[in-house]
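A.B. asks: quick one, fold the following:
(chains A and B)
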Amino acid sequence: MAKPDIRHDRATRRLWPALALPGTFWLIALFLVPFYAVMAVAFSGSINIFGEPNPAWNPLDWQFATFRQVFTDSVTGPYQEVWIRTGIYSVCALLICTAVGYPVAYYTARLAGKRRGLVLALILAPWWINYITRMLAWVNLLQDDGYVNKVIGIFGFAPVSWLSGSSFTVVMALAYGYLPYFIIPLFASLDRIDPRLLEASRDLGMSPVRTFLRVTLPLSKMGLITALVITALPMAGDYYTNTIVSGSPKTNMVGNQIELFLLQGPLKNYGAALVLLLSLVLMFFMAYYLILTQRAARDAQ
Amino acid sequence: MTRTDVATRVEAESPPAKRRVPPWRNPWRRPYVLWTITWLYILWSLVPVLIAVQFSFNDGRSRSTWQGFSTQWYCCAEGSIGEDPSLLLALKNSLILGAATVLVATPLGVALAMGLTRWRSRSSRVANGIALVPLVTPEIVLGSALYLVMVNLYQFVPLGRPAMLLGHVTFSVSYVLVIVRSRLLSIGGDYEEAARDLGASPMQAIRTVLIPLLMPSIFASAMIVFATSLDDFVVSQFLFGDASNITVPIKLYNAVRASPTPALNALATLLLVGSFLALILAFVGLRTRRRGRGTRSALEDLADYG
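C.D. replies: Alright, predicted model coming up:
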């Protein structure tokens, strides 16, 4: 019996890598190489007759003048405002996400029975509604003669022009747009908490508030951080929300600046440099997150 | 231990305290605050969309004043979906792109999942890491990277449907990988080994044992890929090239600040129906495999894939 087994093993040893090969090749060609292309364009030293950068494929040809320019502009120059705005908008929207999303995820995770399925389905629903559609829905409501102004008119407020460069609208739209993505991972983590732990805490005389602070919150810490990272990453690069509900340069975020450079003008090397800078900032958060998850996995062992 | 239903527990057990407990100290009270926040959130998240759907049936040009029910924006009024070629084109492009993405991404992702799960070595772990990065990459980074590589290096891929297909497959493969792999890990390697002991070749074991076992999750991931591709905006917008390749989300985005009519709401409604149909099929697919066993429902599985 030994011989056929060895032959089997040899056949499978080649089979599994062979199956993984096309997918891996695809991701190298269409994920890693494109990222290299961003660097090649950002570090390009020459422009062609259309004023567009010639990508520098050879790392020895890399010129860092554009990147340095974009970096100083971001720290002290004209983009500084855009970066600060991106940060403030994202932090405000994430705070709203936490304040609304945590109670919702917690309540859903603790529900049982028929209601649980219903509430879960309703909470998952917006995740499957197209993002642009959900923004379109708000544009309908926020028009000058829309329902929102009609409702506040009943209470005697003057109509507000919501859609012309209001930071408040942009922050609320970001929170509204990303809340579903925030709630789902948090729900998954809260759902895994053993209810017996909460009962034990209650039986030992803890008040609900202290049970929450000393049992639920520490146990859901990783879920909360995951939810924050998963929402913060796309939010920081968002440009469409801003264009749809504001459209004014007064509320521009980094994503808008990138889109402007890459799709609406010849200065693609500036856009690529901004993409790199944004990726660097976000990679910092990603690394922090990966270290945290690894530490949590080690502690669990 | 089953889950504790907050509501039924309250009815079953009365507070044991003899003296009056203030409500914030009483762990058995109904969670009124949580209940209110949750239902307010659900209303907040869904009512605007329902109103937008309602206005797709408006009997007038307004998207903010209700003028009676009509289906004129779906068909046959001037500027309706049936009459406006650009809206029809967007719908057609979206569906073709979604179907093509499913056809390419699903086999690619399933093979990748099988390969990476069963092949244990250091390089498989590296490949696994690479395969998961697209899931956490901000779309604008992926979109602009794909755009720059198509324009500068892969010039044989024209912007438009081919480039969009490559882009959509790239982010979809990771979804398929995650879904199929969780199923692969849960069924283990015993069935294939049994098939091979009975004389099947590795390929036969995969074809006759593994693939049928994986079918529900393959189907579910195909549907999820379809819905994600239908909904994608950023990658499409970077790669669509010119107006003949426009998809529904791009059309909505471009028209929303221009002078929109309820036809736009009708288009959004059709997109909504398309992704929900795919989602329901995925849900049914996930449910077939867990009839009568397991404690987690298919809905919770879908929640995990988020």
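A.B. asks: contacts, neighbours, all on C-alpha from now
C.D. replies: Noted.
A.B. asks: can you give me the helices for chain B?
C.D. replies: B:6-12, B:32-55, B:85-118, B:122-136, B:139-152, B:161-187, B:190-197, B:202-205, B:211-231, B:234-239, B:248-256, B:262-288, B:298-305 (DSSP state H).
A.B. asks: so, low pLDDT: which residues of the stretch 201-301 of chain A?
C.D. replies: Within the stretch 201-301 of chain A, the segments meeting pLDDT under 70 span A:297, A:300-301.
A.B. asks: repeat the analysis, applying 80 as the threshold.
C.D. replies: By pLDDT under 80, the low-scoring segments of the stretch 201-301 of chain A are A:265-266, A:286-301.
A.B. asks: for the residue of the stretch 201-306 of chain B found nearest chain A, grab the count of nearby residues.
C.D. replies: Closest residue of the stretch 201-306 of chain B to chain A, C-alpha to the nearest C-alpha: B:D231 (5.2 Å). Using other C-alpha atoms under 10 Å in any protein chain shown, B:D231 has 26 other residues around it.
A.B. asks: next: B:A163.
C.D. replies: Around B:A163 there are 24 residues (other C-alpha under 10 Å).
A.B. asks: and if you look at A:R192?
C.D. replies: Using other C-alpha under 10 Å, A:R192 has 11 other residues around it.
A.B. asks: likewise A:R134?
C.D. replies: Neighbour number of A:R134 under other C-alpha under 10 Å is 21.
A.B. asks: B:V49 is in contact with that one, correct?
C.D. replies: Yes. In this structure, A:R134 is within contact of B:V49 by C-alpha atoms under 8 Å, at 6.0 Å.
A.B. asks: joint contacts of those two?
C.D. replies: Listed as contacting both A:R134 and B:V49 by C-alpha atoms under 8 Å, 6 or more residues apart in numbering or on different chains is no residue at all.
A.B. asks: so what touches stretch B:140-155?
C.D. replies: A:30-31, A:33-35, A:37-38, A:41, A:55, A:234, A:237-238, A:255, A:262, A:272, A:275, A:279, B:134, B:157-159, B:163, B:167, B:234-236, B:238-239.
A.B. asks: need the buried ones from these selected in PyMOL.
C.D. replies: To isolate the buried ones among the contacts of stretch B:140-155 in PyMOL, judged by 16 or more other C-alpha atoms under 10 Å in any protein chain shown, type:
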select buried, (chain A and resi 30+31+33+34+35+37+38+41+55+234+237+238+255+262+272+275+279) or (chain B and resi 134+159+163+167+234+235+236+238+239)
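A.B. asks: any chance of the helices of chain B in CSV, plus mean pLDDT?
C.D. replies: Below are these laid out as CSV (pLDDT from 0 to 100):
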stretch, mean pLDDT
helix B:6-12, 45
helix B:32-55, 91
helix B:85-118, 91
helix B:122-136, 75
helix B:139-152, 91
helix B:161-187, 89
helix B:190-197, 85
helix B:202-205, 84
helix B:211-231, 88
helix B:234-239, 93
helix B:248-256, 88
helix B:262-288, 83
helix B:298-305, 57
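A.B. asks: looking at those helices, which is nearest to A:T24?
C.D. replies: Nearest to A:T24 among those is helix B:122-136; the distance by C-alpha to C-alpha comes to 6.4 Å.
A.B. asks: wondering if that closest one reaches chain A at all.
C.D. replies: Yes. Contact of helix B:122-136 with chain A (C-alpha under 8 Å from any C-alpha of the partner chain) involves B:S124, B:A127, B:I130, B:A131, B:P134, B:V136.
A.B. asks: and the nearest residue to A:P159 once chain neighbours are set aside, what does it touch?
C.D. replies: By the measure of C-alpha to C-alpha, 6 or more residues apart in numbering or on different chains, the closest residue to A:P159 outside its immediate chain neighbours is A:N149, 5.1 Å from it. Applying C-alpha under 8 Å, 6+ apart, we find A:N149 in contact with A:L142, A:Q143, A:A158, A:P159, A:V160.
A.B. asks: A:N149 should be in a strand, yeah?
C.D. replies: No. Under DSSP: H, G, I helix; E, B strand; the rest coil, A:N149 sits outside any strand and is assigned helix.
A.B. asks: so how far is A:F155 from it?
C.D. replies: Distance, A:N149 to A:F155, using C-alpha to C-alpha, to the nearest Å: 10 Å.
A.B. asks: distance from the longest helix belonging to chain A to the middle of the chain?
C.D. replies: Ranked by residue count under DSSP H, the longest helix found in chain A is helix A:268-300. Distance of helix A:268-300 from its chain centroid, counting by C-alpha atoms, centre = their mean, to the nearest Å, is 12 Å.
A.B. asks: show me what it packs onto, helices and strands only.
C.D. replies: helix A:33-42, helix A:65-75, helix A:221-236, helix A:254-263, helix B:139-152 (3 or more C-alpha pairs under 8 Å, 6 or more residues apart in numbering or on different chains; DSSP states H and E).
A.B. asks: counting neighbours, what do you get for A:D203?
C.D. replies: A:D203 has 11 neighbours, counted by other C-alpha under 10 Å.
A.B. asks: how many neighbouring residues does A:G51 have?
C.D. replies: Neighbour count for A:G51, taken as other C-alpha under 10 Å: 12.
A.B. asks: that one in helix, strand or coil?
C.D. replies: Using three-state DSSP, the structure places A:G51 in coil.
A.B. asks: please report the distance of the residue of the stretch 201-306 of chain B closest to chain A from B:L271.
C.D. replies: Distance from B:D231 to B:L271, by C-alpha to C-alpha: 8 Å.
A.B. asks: cool, and B:T261?
C.D. replies: The gap separating B:T261 from B:L271 is 16 Å, by C-alpha to C-alpha.
A.B. asks: so for those two, which residue has more residues nearby?
C.D. replies: Set B:T261 next to B:L271 and count neighbours by other C-alpha under 10 Å: B:L271 wins out with 23 against 20.
A.B. asks: need the contact list for that one.
C.D. replies: With contact taken as C-alpha under 8 Å, 6+ apart, B:L271 is in contact with A:N130, B:L230, B:D231, B:V248.
A.B. asks: highest neighbour count among those residues?
C.D. replies: Counting neighbours by other C-alpha under 10 Å, B:V248 comes out on top of these with 29 neighbours.
A.B. asks: list the contacts of that residue.
C.D. replies: B:L87, B:A90, B:L91, B:N93, B:S94, B:L230, B:L267, B:A268, B:L271.
A.B. asks: which residue ranges of the stretch 51-200 of chain A form helices?
C.D. replies: Using DSSP state H, counting those that start in this stretch, the helices of the stretch 51-200 of chain A run over A:65-75, A:80-110, A:114-128, A:131-142, A:147-154, A:167-191, A:195-203.
A.B. asks: return the distance of B:L103 relative to B:V169.
C.D. replies: Applying C-alpha to C-alpha, the value for B:L103 to B:V169 is 9 Å.
A.B. asks: of those two, who's got more company?
C.D. replies: Shown here are B:L103 and B:V169; by other C-alpha under 10 Å, B:V169 has more neighbours (28 against 15).
A.B. asks: for B:P134, see how far away the more buried one is.
C.D. replies: Here B:V169 is placed at a distance of 11 Å from B:P134 (C-alpha to C-alpha).
A.B. asks: so what's the residue count around residue 276?
C.D. replies: This is for chain A. Around A:L276 there are 19 other residues, counting by other C-alpha under 10 Å.
A.B. asks: I was after chain B.
C.D. replies: 17.
A.B. asks: residues touching the closest residue to it other than its chain neighbours, list them.
C.D. replies: For B:F276, ignoring the flanking residues on the chain, the nearest one in space by C-alpha to C-alpha, 6+ apart is A:W128 at 7.1 Å. Neighbour list for A:W128: B:A227, B:S275, B:F276, B:L279 [criterion: C-alpha under 8 Å, 6+ apart].
A.B. asks: tell me, how many residues neighbour the last one?
C.D. replies: Burial of B:L279 is recorded as 22 neighbouring residues (other C-alpha under 10 Å).
A.B. asks: can you pull the contacts of the nearest residue to A:L174 once chain neighbours are set aside?
C.D. replies: Spatial nearest neighbour of A:L174, excluding adjacent residues (C-alpha to C-alpha, 6+ apart): A:A93 at 6.0 Å. A:A93 makes contact with A:V171, A:M172, A:L174, A:A175 under the criterion C-alpha under 8 Å, 6+ apart.
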